[in-house]
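Asks: sequence first, predicted coordinates after that:
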Amino acid sequence: MTANCTNAPDAVPSDAGVAGVGVLLSFIITAGISLVLSASLIFQEARSRNSSSESVLRRKLLNSYSDQQILTGIGLQSIGLGKVSSMVPYHFFLVWMLSLLSMAVHNATLLALARDFRRDWVLRWMRQLLMLANLVLSCVYGVYVLRAVERGINDSTFPVSCVWDAATPDYPPSGNYALSFAGTIVVIAGNVLIFALSTWYLHARTQRFYVVLQVVGLLLMTAFAIGATVRVAYLADAFASGTPIKLSDDGERQWSFGQLLSVGMLVLPLVSVVEILRGEIKCAPPVAMVYDDDKGVLLGEGGSGSGSEGEQQELRARSNPGVRRAADFQPNPLWGSQTNLFKK
């Protein structure tokens, strides 16, 4: 469908598929649960210096909610890009905020569960691909938003694809033009920087100041998530008393089947927890840590140090912190080794 970039309508229809009350609440509630679980795991590890078997359920639950959040975020961004010829900048910006929220949740999960991902190269690189897809989509959204701010149509009813159309009339800059323009650039640059740091954190063979990185990163991602949530709550018609544009209906406030389904999806990860409690699904215990010279060494697959082989491995790890066991980090079969990213 060709976008009309010459005459802006007085009002546009609502889009409950991307800005409905159920969709927004699903993202926000999932983010809250995931951040709380990440914080509990990180601070438990920092306090006890050992991952207790009691954290298995929380790790499973956190992993499920995080996967659900980032996959939904990628899907929502893909839908938004497919509708650029009809979606207005208001809805486009809300999708971008939700993508930033999902990114913050995923990075917080990475801080809490990175050791689990390092033990399996398939899981690790699957996370890497999800992070890359989310970054690319988020940067594309940021460029669209930046262009809309530059042309002064970020609060107009033109389709978002009109930011590239020369026939679209330019509007005078808004009062917060400089702040919006600079803030958008900072967010795009911050996304790239966070992606680079997350990639290093996920694939690093040795970890110094591990707990400090976890705590600082968690606080940063929590602040990022709170900022995105406040922005959504301030703009969205589902929560706010007024929106920057006029909507022709109140569909984003209605609890339709799609909105109820979005919230109902929050229950799915709990099913796995019930199955684990009932003994239907077996999960590997969380990775234990041995701290020596600020370097963590994971326990081998032979158990938590029980038995002669496990005791010998533990003694070797304590006497030589540079020796890392096979369960520490599983390199992919194409390149890299236990200790080097590039050499076999």
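Replies: Thanks, I have it. Numbers count the residues shown, from 1 in each chain.

Asks: mind jotting down where the helices sit in the stretch 51-200 of the chain?
Replies: Along the stretch 51-200 of the chain, counting by DSSP state H, counting those that start in this stretch, helices occupy 56-82, 89-118, 121-151, 177-203.

Asks: what about the stretch 101-250 of the chain, any weak spots by pLDDT?
Replies: 174-175, 205-209 (pLDDT under 70).

Asks: state the mean pLDDT of stretch 10-19.
Replies: For stretch 10-19, the mean pLDDT works out to 88.

Asks: what of stretch 76-85?
Replies: The model assigns stretch 76-85 a mean pLDDT of 91.

Asks: give me the residues contacting it.
Replies: 1-3, 17-18, 23, 87, 91-92, 95-96, 98-99, 134, 137-138, 140-141, 144, 159-161 (CB atoms under 8 Å, 6 or more residues apart in numbering). The C-beta positions use only the backbone N, C-alpha and C, and glycine is treated the same way.

Asks: give me the buried entries from those.
Replies: Buried by 16 or more other CB atoms under 10 Å: 3, 17-18, 23, 87, 91-92, 95-96, 98-99, 134, 137-138, 140-141, 144, 159-161, out of those.

Asks: let's see stretch 127-139 as CSV, backbone CA atoms only.
Replies: Taking Å, rounded to 0.1, in the frame of the first residue of the first chain, the C-alpha atoms of stretch 127-139 are listed here in CSV:
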residue,chain,number,x,y,z
ARG,A,127,21.6,-16.0,22.3
GLN,A,128,24.2,-14.1,20.2
LEU,A,129,22.0,-14.3,17.1
LEU,A,130,18.9,-13.1,19.0
MET,A,131,21.0,-10.2,20.4
LEU,A,132,22.2,-9.3,16.9
ALA,A,133,18.7,-9.4,15.4
ASN,A,134,17.3,-7.2,18.2
LEU,A,135,20.2,-4.7,17.7
VAL,A,136,19.7,-4.5,13.9
LEU,A,137,16.0,-4.0,14.3
SER,A,138,16.4,-1.5,17.1
CYS,A,139,18.9,0.6,15.2
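
Asks: picking that back up, now the helices of the stretch 51-200 of the chain in JSON lines, with distance to Phe239?
Replies: Formatted as JSON lines, the helices of the stretch 51-200 of the chain follow (distance: least, CB to CB, whole Å):
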{"stretch": "helix 56-82", "distance to Phe239": "18"}
{"stretch": "helix 89-118", "distance to Phe239": "11"}
{"stretch": "helix 121-151", "distance to Phe239": "20"}
{"stretch": "helix 177-203", "distance to Phe239": "21"}
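
Asks: what's the angle from the helix or strand containing Ile29 to helix 56-82?
Replies: Ile29 belongs to helix 21-48 when assigned by DSSP states H and E. Angle of helix 21-48 versus helix 56-82, following axes from the mean of the first three to the mean of the last three CA atoms, to 10 degrees, is 140 degrees.

Asks: make 712 the first number, not 1, from now on.
Replies: All right, first residue 712 from here; so that's helix 732-759.

Asks: between helix 732-759 and helix 800-829, how many degrees?
Replies: On the basis of the same axes, to 10 degrees, helix 732-759 is oriented at 30 degrees to helix 800-829.

Asks: helix 732-759: which residues count as buried?
Replies: 732-739, 741-742, 744-746, 748-750, 752-753, 755-756.

Asks: outline the domain layout of the chain.
Replies: Using automatic domain parsing, the domain parsing of the chain gives 727-988, 1000-1030.

Asks: sorry, back to before: kindly compare burial across the helices of the stretch 762-911 of the chain and name the winner.
Replies: Per-stretch averages of neighbours, counted by mean count of other CB atoms under 10 Å, single out helix 800-829 among the helices of the stretch 762-911 of the chain, with a mean of 25.

Asks: that one relative to helix 832-862, how many degrees between them?
Replies: Using the same axes, to 10 degrees: helix 800-829 against helix 832-862 is 160 degrees.

Asks: what helices or strands is helix 800-829 leaning on?
Replies: helix 727-730, helix 732-759, helix 767-793, helix 832-862, helix 888-914, helix 921-946 (3 or more CB pairs under 8 Å, 6 or more residues apart in numbering; DSSP states H and E).

Asks: so which of the helices of the stretch 762-911 of the chain gets nearest Thr940?
Replies: Each of these was scored for nearness to Thr940 using CB to CB, and the closest is helix 800-829 (6.4 Å).
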